[in-house]
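Chemist: Model the structure of this input:
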Amino acid sequence: MGVFAFEDENTSPVAPAKLFKALTKDADVIIPKVIEPIQSVETVEGNGGPGTVKKITAIKDGKEGYVLHKIDTIDEANLTYDYSLVGGPGLHESLEKITIETKLLPGPDGGSIGKIKVKFHTKGDVLSDDVREEAKFRGVGLFKAVEGYILANPDY
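Modeler: Numbering: from 1, shown residues only. Next up is the predicted model:
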């Protein structure tokens, strides 16, 4: 088993607290609205805090699948949210899990800087570039889609 890590950063014109709320507390409602392949986000275990497991169902290549998303930590005061993708047919077969640590910081002009650390826990000793790039693409896409929703709905 191998562990492969990378870090990334994205900026947003949306204030950190508002972006955090949309990406965490309201994500179950917002994400299916803004990411077309995602059909639903449902809690299958827990109360929304650490240990909660959510099933994210999506259509990919005409087939329905899902991933299991487990909340590891959520800290509204420090705007941190850590979670793991721990199973389901939507998790690439070469992976045991993916752990994601996120933090929102104040950015320029009242916006945000989103920092992310991702660790791929592989079943073997290799992580393909395609798997890593697809995960990065999806993560940035989610961040920008939620940002777009907030910008399009100023009363949010």
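Chemist: Not counting its neighbours along the chain, what's nearest the residue nearest the centre of the chain?
Modeler: Central residue of the chain (Cα atoms, centre = their mean): G139, 5.8 Å from the mean position. The shortest distance from G139 to any non-neighbouring residue, by Cβ to Cβ, 6 or more residues apart in numbering, is to I116 (6.6 Å). In short, each C-beta sits where N, CA and C put it, glycine included.
Chemist: Who are the packing partners of the longest helix seen in the chain?
Modeler: Identified as the longest helix of the chain according to DSSP state H is helix 129-152. Packing contacts for helix 129-152, counted by 3 or more Cβ pairs under 8 Å, 6 or more residues apart in numbering; DSSP states H and E, involve strand 2-12, helix 16-23, helix 27-34, strand 95-106, strand 112-122.
Chemist: Distance to V44 and mean pLDDT added to these, as CSV?
Modeler: Formatted as CSV, those follow (distance: least, Cβ to Cβ, whole Å; pLDDT from 0 to 100):
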stretch, distance to V44, mean pLDDT
strand 2-12, 26, 95
helix 16-23, 20, 97
helix 27-34, 12, 96
strand 95-106, 16, 97
strand 112-122, 21, 97
